[in-house]
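> Quick one: sequence and predicted model below, then my questions.
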Amino acid sequence: MTHLAQAATQQNPLLPTWPEFIVGTICFVIVFGVLGKMLLPRIQQTLTERTDQIEGGLARAEEAQQEAQRLLDQYREQLQGARHEAARLREEAREQGAQIIAEMREQAQAEARRITEAAEAQLQAERQQALASLRAEVGSLATELAGRIVGESLADTARQGRMVDRFLDEIEQRSADVRAGAGQ
């Protein structure tokens, strides 16, 4: 027995004996069974929850991306609409500006015509007044001169007026003939 005892004492300390192996295996199976029954469902539930969270997060991210794209498209449409509106307003402002300029030009031309007509009317009135004054003065001078030449007083005003008118008409006729001849 010495050989057997010696063999038993020489056994590898890393290898268990058969009774230890059987007891260890039974304990392992019991612990594994308990852990499998209690912890495995919780682990699976946690994994399922995490998978759902990840998939839900991906779905939410995809929805958020679609929403962002929809908002971007909507913003682009609004921007395009605003650009069209701005272009329309600019064109409308140009048209209104051109219309205002045309109206102001018309008003200025009308005012210029009115001023010109008023000046012409005033000149015509002053000319008529100057002619009447000149006729009266030339008439009295002519009458006085004729009275000195003839030696009588020509005091009859009606006769004086006819004589002066005839004299001035002849002068006007001669100046018109001269102008007509110069114009040809």
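Arrived safely, thanks for sending.
> Any stretches of the protein with poor pLDDT?
Under the criterion pLDDT under 70, the flagged ranges of the chain are 1-10, 147, 150-160, 183-184.
> Helices along that one, start to end?
Counting by DSSP state H, residue ranges of the helices within the chain are 2-9, 18-150, 157-183.
> want to try CSV for these, with mean neighbour count as columns?
Where you see a C-beta, it was placed from the backbone N, CA and C, and this is true even at glycine. CSV is the format used below for the helices of the chain (neighbours: other CB atoms under 10 Å):
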stretch, mean neighbour count
helix 2-9, 8
helix 18-150, 10
helix 157-183, 11
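> Quick check: residue 129 vs residue 103, distance?
Here the criterion is CB to CB, to the nearest Å. By it, residue 129 lies 38 Å from residue 103.
> And for residue 182?
Distance check for residue 182 against residue 103: by CB to CB, it reads 45 Å.
> How about residue 115?
Counting by CB to CB, the separation of residue 115 from residue 103 is 18 Å.
> Also residue 90?
Distance, residue 90 to residue 103, using CB to CB: 20 Å.
> One more: residue 85?
When residue 85 is compared with residue 103 (using CB to CB), they lie 26 Å apart.
> And for residue 132?
For residue 132, the distance to residue 103 - CB to CB - is 43 Å.
> can you check residue 179 too?
Using CB to CB, which is the criterion applied here, residue 179 is 42 Å from residue 103.
> Next: residue 177.
Here the criterion is CB to CB. By it, residue 177 lies 49 Å from residue 103.
> Then residue 141?
Applying CB to CB, one obtains 56 Å for the distance of residue 141 from residue 103.
> what does residue 49 give?
Residue 49 is 78 Å from residue 103, where distance means CB to CB.
> from memory residue 16 sits against residue 24, does it?
Yes - contact status for residue 16 versus residue 24: in contact at 6.5 Å, counting by CB atoms under 8 Å.
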